[in-house]
Structure formats: structure tokens, C-alpha cells
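[1] A structural model of the following input is requested.
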Amino acid sequence: PLLEDPQPQVQLAAIAALAATGHPAAIDGWPGADGQATGPGLRKLLTSRDGEVRWAALEALVQLRDEAATAELWRATEDATTSVQRRALQAIGRSRQPRFVEPLIRFGWTET
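    Residues are numbered from 1 along each chain as shown. Below you'll find the predicted structure:
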């Protein structure tokens, strides 16, 4: 329920807590007795009106090794806005995922 709270600060705290669990069920929501998600997962927050909530959800999803989020974060490195590129590269670094090493090296050689 905290992911649906109207206060972005509450949502950000919930996102951080879910990312810290490392549990993949946080991606789409915890399954209930019937197998259906009992509430929203982090993926739903990618469409939030609040930019900080969207970005935090994207970073959390990358930490949870969500393939779609990982691709989206990498696409953000090609954004026309330098601040978005920088934020994406910082998020990639914080993720500490070995899969990013080779693309980051290529990025460093080809970008100014």
C-alpha cells in the first residue's frame, strides 16, 4: 500500500525498502494465495507523475535485475539532456552490475 501513497516521500521510502530486500517479487508485486499480485510492484511506478518516484523505481528495478528496466536505464545514457545522461551513468555505477562494464568502457571511448 505504501507504493500507492499520495505522498512522494512515502513512495520513495517504500521503493528504497523494496530495493533493499533484493526480492524479485517487488518487481510486479507479492503474489497472494490465488497467485495474483496483492498490490502494485515497482514496475507500476515507472508511469508515476512524479519524476523522482519514476527514477527511484527505475533504479530499484535495475538493482533487482529487471531486464526491461536495465535496458531503459541504458537508453537514458543516450538522452539529449546531459543531466539525464549523467544521472543514468551514476545509477549504472551504483548498480555494481558486471554486465555494464563493457558497455561503459565503449561509452567512455566514444562519448566526449
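[2] so who does the residue most central in space within the chain touch?
    Closest residue to the average C-alpha location of the chain: Leu58 at 1.8 Å, with CA atoms, centre = their mean. Applying CB atoms under 8 Å, 6 or more residues apart in numbering, we find Leu58 in contact with 46, 69, 72-73, 91. All C-beta atoms are positioned from the backbone trio N, CA, C, and that covers glycine.
[3] kindly recompute the last result at 6 Å.
    By CB atoms under 6 Å, 6 or more residues apart in numbering, the residues touching Leu58 are Ala69.
[4] do the one 4 residues further on as well
    Taking CB under 6 Å, 6+ apart as the criterion, Val62 is in contact with 69-70, 73, 95.
[5] what helix or strand does it sit in?
    Using DSSP states H and E, Val62 sits in helix 51-63.
[6] what of Ala19?
    helix 8-21.
[7] one step back: just the contacts of Val62: which are in helices?
    When helices are assigned by DSSP state H, the members of those inside them are 69-70, 73, 95.
[8] out of those residues, which one sits closest to Ala20?
    When those are compared for distance to Ala20 (CB to CB), Ser95 wins out at 13.7 Å.
[9] okay, now that closest one: neighbour count?
    For Ser95, the number of neighbouring residues by other CB atoms under 10 Å comes to 16.
[10] that older thread, so which two of the contacts of Val62 are the farthest from each other?
    Taking every pair in these and measuring CB to CB, the maximum separation is 10.0 Å, between Ala69 and Ser95.
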